[in-house]
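In: Got a predicted structure here, sequence first:
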2 protein chains.
Amino acid sequence: MAAPIQSAIRNRILGALPAVEFALVVANLTSVDLELGQTLHRAGEEIAYVYFPEIGFISVMAVLSEGAPLEIGLIGGEGVAGVSVILGAKTSYNEAMCQTGGAAHRMTVPAFLDAAERAPRLRDLLLKYVHVFEIQVAQTAACNAHHEVSQRLARWLLAAHDRSGVPELSLTQDLIAVMLGVRRSTVSVAAGALQRAGLIQYQHGRITIEDRPGLEAAACECYRAVVGEYRKLLGIDPAVVAAGNQAPAIGL
Amino acid sequence: MAAPIQSAIRNRILGALPAVEFALVVANLTSVDLELGQTLHRAGEEIAYVYFPEIGFISVMAVLSEGAPLEIGLIGGEGVAGVSVILGAKTSYNEAMCQTGGAAHRMTVPAFLDAAERAPRLRDLLLKYVHVFEIQVAQTAACNAHHEVSQRLARWLLAAHDRSGVPELSLTQDLIAVMLGVRRSTVSVAAGALQRAGLIQYQHGRITIEDRPGLEAAACECYRAVVGEYRKLLGIDPAVVAAGNQAPAIGL
DNA sequence: CACCTTATGTGTGGCGTCGAACATAACGGC
DNA sequence: GCCGTTATGTTCGACGCCACACATAAGGTG
């Protein structure tokens, strides 16, 4: 388990640290694989580790007494899961789970808090991340109340694609329906419309985005708004800009 | 403008400070009236002041390009408006406005940041408040997706009543409809049902809660869940426990 | 008291999603 | 290549809320 060197790190919070602070952090990082369906922290239970995703993304879900949990936010390589310990939280109110395969670096909570104490730039970035994540959640609250499923589906696919870093996503409509808090048949209809419009391509649990600008046009403003805040406040784009993966055309 | 003494403060974050820290803060506090419809900070604009409500409550609203803004969170005497400056935010993503008459103590942002730096207990409380507020927003996101308007109406009335500290609220159905992001006629139907059930009493812009336990039973779990987190994490109850205002029967 | 304004109650057709069922299609293991 | 499993497509009645309209009622004001 050799310590990773900073240039090889894909997580953009870790990547943005000055070398001095990264050195302080890296000793306590452990690389772990994230498996599909793996729960990083459960609702109401103690947060043991803080995760810096490298590959794949993590869904933060609200758990209601009746009905399946539904997603309120996404965390990828632009962020951190479990960051609320920096606010003094001991337990997690929501549930964090991995919906794709992936990998992350993790730290124990005490090590994380110690590092945040001693590394001012890290602390600054973490608090800003708390803020943009809250913006994402707030936008989701409004989106759930006002926007149609087809728009929300497009938004979600874009956000997931941004954070996955690969052109093809392994995601069933069943899973997406849970994320959005709707019936699978509703997703099927909405996805079928997107597919007929040539925006996406479904293939038995694998989905590719064929026309990104078109999909952005089909999504509600929420996608664009949240990406803009990540850039503005954190200086970090949720989209992975890896080799062979073109940057999303959001700007304008 | 005499400096307020701590025992006369109704805001429960200020009230929870040790005397040493309160002394540090109080010099920079200014008492202001909050007028109905007054905007404390607008979406996208700079946050100039941080507000500690004393009387009445503040609605935090998400602004979408089409349609009226809708509420994502409530702040009363248990909290602070504009607290996200402590995360490094300069501007507000959402809009904070006063839906009732009221009063607050406010500080300029630089004074606030300075105080938070020097007063550890204050800083601790503020970060925890950021956390519980995010929980409130997250719960609202799930609530908007899953729960019916009648339940959401009951939840909202309870939350507003908690924070107002008075038995009678001055709130039109029109205003509530905007908060919940639904049509006024829908509120009218839902409120009529609650009224016929003897839970509330509407009277031309004034509303009284007749049967609080009944109203809690009519509300979705979200009300109870959020109150529980305020108590657990902050040690503060959103409900004002003033003379003549019985504490809400939430416990169980 | 009469009148205007504001607030609430009620009704109707339409649309989006639910909830549930069933049919088809693609993959994977043997 | 067959077959069970998994994933997707499609349909249909029901229901909640929209969107819009109009009626009624309860203040406030002169």
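Out: That came through fine.
In: what about the nearest residue to A:L36 once chain neighbours are set aside, how many neighbours?
Out: Among residues not flanking A:L36 along the chain, A:G101 sits closest, at 5.4 Å (Cβ to Cβ, 6 or more residues apart in numbering or on different chains). C-beta here means a position set from N, CA and C on the backbone, and glycine is covered the same way. When neighbours are counted by other Cβ atoms under 10 Å in any protein chain shown, A:G101 registers 14.
In: do A:R206 as well
Out: 12.
In: What of the one 5 residues further on?
Out: A:D211 has 15 neighbours, counted by other Cβ under 10 Å.
In: Equivalent analysis for A:Q195, please.
Out: Here the number of neighbours of A:Q195 (other Cβ under 10 Å) works out to 15.
In: ok, now A:T30?
Out: Neighbours of A:T30 (other Cβ under 10 Å): 13.
In: The residue nearest to A:L36 and A:A239: what is the separation?
Out: According to Cβ to Cβ, to the nearest Å, A:G101 and A:A239 sit 19 Å apart.
In: which bits of the stretch 1-150 of chain A sit near chain B?
Out: Applying Cβ under 8 Å from any Cβ of the partner chain, one finds that the stretch 1-150 of chain A approaches chain B through A:60, A:62, A:64-65, A:67, A:70, A:72-73, A:84, A:86-89, A:93-94, A:124, A:127-128, A:130-131, A:133-135, A:137-142, A:144-146.
In: now, which of these lie within strands?
Out: Mapping the residues of the stretch 1-150 of chain A next to chain B onto strands (DSSP state E) picks out A:60, A:62, A:70, A:72-73.
In: quick check, nearest of these to DNA strand C?
Out: A:L70 (9.8 Å; Cβ to the nearest atom of the strand).
In: show me what contacts the spatially closest residue to the closest one that is not a sequence neighbour?
Out: Excluding its sequence neighbours, the residue lying closest to A:L70 (Cβ to Cβ, 6+ apart) is A:G181, at 3.5 Å. With contact taken as Cβ atoms under 8 Å, 6 or more residues apart in numbering or on different chains, A:G181 is in contact with A:67-68, A:70-71, A:144, B:142, B:145-146.
In: Could you rerun that using 7 Å?
Out: By Cβ atoms under 7 Å, 6 or more residues apart in numbering or on different chains, A:G181 lies in contact with A:70, B:145-146.
In: any low-confidence regions in the stretch 1-150 of chain A?
Out: A:1-2 (pLDDT under 70).
In: returning to that earlier point: these two touch, right, the residue nearest to A:L36 and A:G56?
Out: Yes. When contacts are counted by Cβ atoms under 7 Å, A:G101 is listed as touching A:G56 (5.9 Å).
In: Identify the contacts common to the two.
Out: A:L34.
In: Next up, the contacts around A:V149.
Out: Contact partners of A:V149, counting by Cβ under 7 Å, 6+ apart, are A:180, A:182, A:186, A:190.
In: Quick one: residues contacting A:G15.
Out: With Cβ under 7 Å, 6+ apart, A:G15 has these contacts: A:6, A:9.
In: how does it look with 10 Å?
Out: By Cβ atoms under 10 Å, 6 or more residues apart in numbering or on different chains, A:G15 lies in contact with A:6-9, A:22, A:52, A:77, A:236.
In: so what's A:R152 closest to, chain neighbours aside?
Out: With sequence-adjacent residues excluded and distances taken as Cβ to Cβ, 6+ apart, A:R152 is closest to A:L180, at 5.6 Å.
In: Report how many residues lie close to that neighbour.
Out: Counted with other Cβ under 10 Å, the neighbours of A:L180 add up to 21.
In: That one and A:L153 touch, don't they?
Out: Yes. Assessed by Cβ atoms under 10 Å, A:L180 is found in contact with A:L153 at 6.6 Å.
In: can you list residues touching both of these two?
Out: With contacts taken as Cβ under 10 Å, 6+ apart, A:L180 and A:L153 have A:186-187, A:190 as neighbours in common.
In: Of these, which fall within the contact range of DNA strand C?
Out: A:186, A:190 (Cβ under 7 Å from any atom of the strand).
In: export the shared contacts of A:L180 and A:L153 to TSV and tack on pLDDT?
Out: Formatted as TSV, these follow (pLDDT from 0 to 100):
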residue	pLDDT
A:T186	97
A:V187	97
A:A190	97
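In: which among the shared contacts of A:L180 and A:L153 gets closest to B:R224?
Out: A:T186 (29.1 Å; Cβ to Cβ).
In: Tell me how far the closest residue to that closest one other than its chain neighbours lies from B:H146.
Out: Nearest in space to A:T186, with sequence neighbours left out and distances taken as Cβ to Cβ, 6+ apart, is A:V149 at 5.4 Å. Distance, A:V149 to B:H146, using Cβ to Cβ: 14 Å.
In: likewise A:H41?
Out: A:H41 is 22 Å from B:H146, by Cβ to Cβ.
In: So what sits opposite A:S31 in the bridge?
Out: Beta-bridge partners of A:S31, counted by DSSP bridges, are A:H105.
In: shouldn't it be in contact with A:R106?
Out: Yes. Using Cβ under 10 Å, A:S31 is in contact with A:R106, at 8.1 Å.
In: any residues in contact with both of these two?
Out: By Cβ under 10 Å, 6+ apart, A:S31 and A:R106 have these common neighbours: A:F52.
In: quick one: which of those two has more around it?
Out: Under the criterion of other Cβ under 10 Å, the comparison of A:S31 against A:R106 puts A:R106 first, with 22 against 14.
In: May I have the residues that are in contact with that one?
Out: Shown in contact with A:R106 (Cβ under 10 Å, 6+ apart): A:28-32, A:34, A:40, A:48-53, A:80-82, A:112.
In: One more pass at 7 Å, please.
Out: A:30, A:32, A:49-51.
In: for A:K128, same thing?
Out: The contact partners of A:K128, by Cβ under 7 Å, 6+ apart, come to A:233-234, B:87-88.
In: Need the nearest residue in space to it, chain neighbours excluded.
Out: Spatial nearest neighbour of A:K128, excluding adjacent residues (Cβ to Cβ, 6+ apart): B:G88 at 4.8 Å.
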